[in-house]
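Visitor: Predicted model, plus sequence, below.
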Amino acid sequence: METVKNIVLVHGAWADGSSWSKIVPLLQRKGFHVACTQNPLSSIADDVAAAHRIIDAQDGPVLLVGHSYGGAIITEAGNNPKVAGLVYVAAFAPDEGETLAGLAEPFGSTPAFGEIRPIADGFLLLTPKGVAECFAQDLSTQEKDTLFATQGATQGAILGTPISKAAWRSKPSWFVIATNDRTISPEQEKATAERMGAKILSLPTSHVAMLAEPEKVAEFITEAAQSDLVSTR
């Protein structure tokens, strides 16, 4: 049995690939080939297409990792035959026909969604307060300022777009629950992780668990990549 060597990291809304900056070197030191998507954040279809391009560029099976809205992207893109397993980090994990807004509704509005502001063409940005107090409240001031400066404007229509096919229905999954999350409800994360039958790691972090506890998140990703569930012949 051969373990998966390729890991593709998919960022979420109001972010870019640099949100994985602490995870990439940790995984590379373990011998993995790591690639990060740069999602246009213009639609689920566009973002899934961007993920497929990076997945298809890998030279073998892939462990696909998604943060936040990136969880919806990997739920669709994970149907790619190269994908051997899925890791969700403080993420949405919708089922077929579900939308992000619909999935979140039973758990109530989180503080971050009061700090979203519209800009042109239906795109949305987080306010400085939203980043500092609701998205990354346990990071340093410098890190918060960098996250605010590098956030990607996100198309609001994404929140109402249904998922067509959920890859976690047929592929093994892992889930990091951020128990101090103020962007996605921790209760929502727990409920969807349990619905998926995912292996769970709970961390007392903000929404950006991979920046707050990078060593623990990287180790969890490593465990997934080395699991018999995703090993390939």
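Guide: Perfect, thanks for sending it.

Visitor: what about residue 149, which helix or strand?
Guide: Using DSSP states H and E, residue 149 sits within helix 141-150.

Visitor: ugh, wrong one, residue 24
Guide: Using DSSP H and E, residue 24 maps to helix 23-29.

Visitor: Also residue 50?
Guide: Remark: residue 50 resides in helix 44-56, with elements defined by DSSP H and E.

Visitor: Tell me the buried residues in that helix?
Guide: Using 16 or more other C-beta atoms under 10 Å as the test for burial, helix 44-56 gives 44, 47, 48, 50, 51, 52, 54, 55. For every residue, glycine as well, the C-beta is placed using N, CA and C.

Visitor: what does stretch 53-71 give?
Guide: Per 16+ other C-beta under 10 Å, stretch 53-71 contains these buried residues: 54-55, 58, 61-71.

Visitor: quick one, what contacts residue 61?
Guide: For residue 61, the contacting residues are 4, 5, 6, 82, 83, 84, 230, 232, by C-beta atoms under 8 Å, 6 or more residues apart in numbering.

Visitor: quick one: the residue nearest the centre of the chain and residue 16, what's the gap?
Guide: Centroid-nearest residue in the chain: residue 67, 1.5 Å away (criterion: C-alpha atoms, centre = their mean). For residue 67, the distance to residue 16 (C-beta to C-beta, to the nearest Å) stands at 11 Å.

Visitor: do residue 174 as well
Guide: Distance of residue 174 to residue 16, computed by C-beta to C-beta: 23 Å.

Visitor: which of those two has more neighbours?
Guide: residue 174 (25 against 17; other C-beta atoms under 10 Å).

Visitor: Then that one would be within a strand, right?
Guide: Yes - according to DSSP: H, G, I helix; E, B strand; the rest coil, residue 174 belongs to a strand.

Visitor: Just the pLDDT for the residue lying closest to residue 31 once chain neighbours are set aside.
Guide: Spatial nearest neighbour of residue 31, chain neighbours left out: residue 5 (7.2 Å); criterion: C-beta to C-beta, 6 or more residues apart in numbering. Per-residue pLDDT puts residue 5 at 96.

Visitor: Contacts only, for residue 5.
Guide: 31, 32, 33, 60, 61, 225.

Visitor: what ranges of this protein fall below the confidence cut-off?
Guide: 1-2, 231-233 (pLDDT under 70).

Visitor: quick one: the helices in it?
Guide: Here the chain has its helices, by DSSP state H, at 23-29, 44-56, 70-77, 100-104, 128-129, 141-150, 186-196, 209-212, 214-225.

Visitor: what's the most buried one of those helices?
Guide: helix 70-77 (a mean of 29; mean count of other C-beta atoms under 10 Å).

Visitor: Now do it against helix 186-196, angle only.
Guide: Put simply, helix 70-77 runs at 20 degrees to helix 186-196, going by axes from the mean of the first three to the mean of the last three C-alpha atoms, to 10 degrees.

Visitor: which other residues reach helix 70-77?
Guide: Against helix 70-77 from outside (C-beta under 8 Å, 6+ apart): 10-12, 37, 39, 44, 47-48, 51-52, 55, 64-66, 83, 86, 88-89, 91-94, 100, 158, 163-168.

Visitor: picking up where we left off before, so which of the helices of the chain is nearest residue 179?
Guide: Between residue 179 and those, the shortest gap by C-beta to C-beta is with helix 186-196, which sits at 5.0 Å.
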